[in-house]
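**Q** just coords:
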């Protein structure tokens, strides 16, 4: 069972910055993609960013130009640098890892979530 350990999060003022990190408990596994989702109060979980092993990166329109994802493939770690934070970025941020299975498919694993609160 793969566990994802998240760090970062907390309270920040609007316009400020924050960094989140996530590490898979097993560095020997093959992770196809890693990324971050978030869930704001009263809303559904939404994708923030995804990055694949070959370097492809995808961002939601709401964070483009403000958030930057980085990944260490060897360590199965993904980080999210969040700049110019806005009140609407408030929510619980979840790390996601798409892990290759022996059967040739992908298995999703989620972190427990870390809360980000942006005060206006």
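**A** All right, it came through fine. What you are looking at is a predicted structure, and each value in this text was computed from that prediction instead of being measured. Numbers count the residues shown, from 1 in each chain.

**Q** Spatially, and excluding backbone neighbours, which residue is closest to residue 24.
**A** Of all residues not flanking residue 24 in the chain, residue 76 sits nearest, at 3.9 Å (CB to CB, 6 or more residues apart in numbering). Just so you know, the C-beta spots here come from the backbone N, C-alpha and C atoms, and that holds for glycine as well.

**Q** nope, residue 120 is what I was after
**A** residue 87 (4.2 Å).

**Q** Tell me which helix or strand the residue nearest the centre of the chain sits in.
**A** What sits nearest the mean C-alpha location of the chain, by CA atoms, centre = their mean, is residue 36, with 2.3 Å. Secondary structure assigned from DSSP states H and E places residue 36 in strand 31-39.

**Q** Mind listing what's buried along that strand?
**A** Within strand 31-39, the residues that count as buried by 16 or more other CB atoms under 10 Å are 31, 33, 34, 35, 36, 37, 38.

**Q** can you check stretch 51-60 too?
**A** Under 16+ other CB under 10 Å, the buried positions of stretch 51-60 are 51, 52, 59.

**Q** just checking, the second one touches residue 33?
**A** Yes. Because the distance of 4.7 Å satisfies CB atoms under 8 Å, residue 52 is recorded as touching residue 33.

**Q** measure residue 20 to residue 69 for me?
**A** 10 Å (CB to CB, to the nearest Å).

**Q** so what sits against both of those two?
**A** The contact sets of residue 20 and residue 69 overlap at 36, 79, 80 (CB atoms under 8 Å, 6 or more residues apart in numbering).

**Q** ok so, going back, between residue 20 and residue 69, who's got more neighbours?
**A** The residue with more neighbours, out of residue 20 and residue 69, is residue 20; 24 against 21, by other CB atoms under 10 Å.
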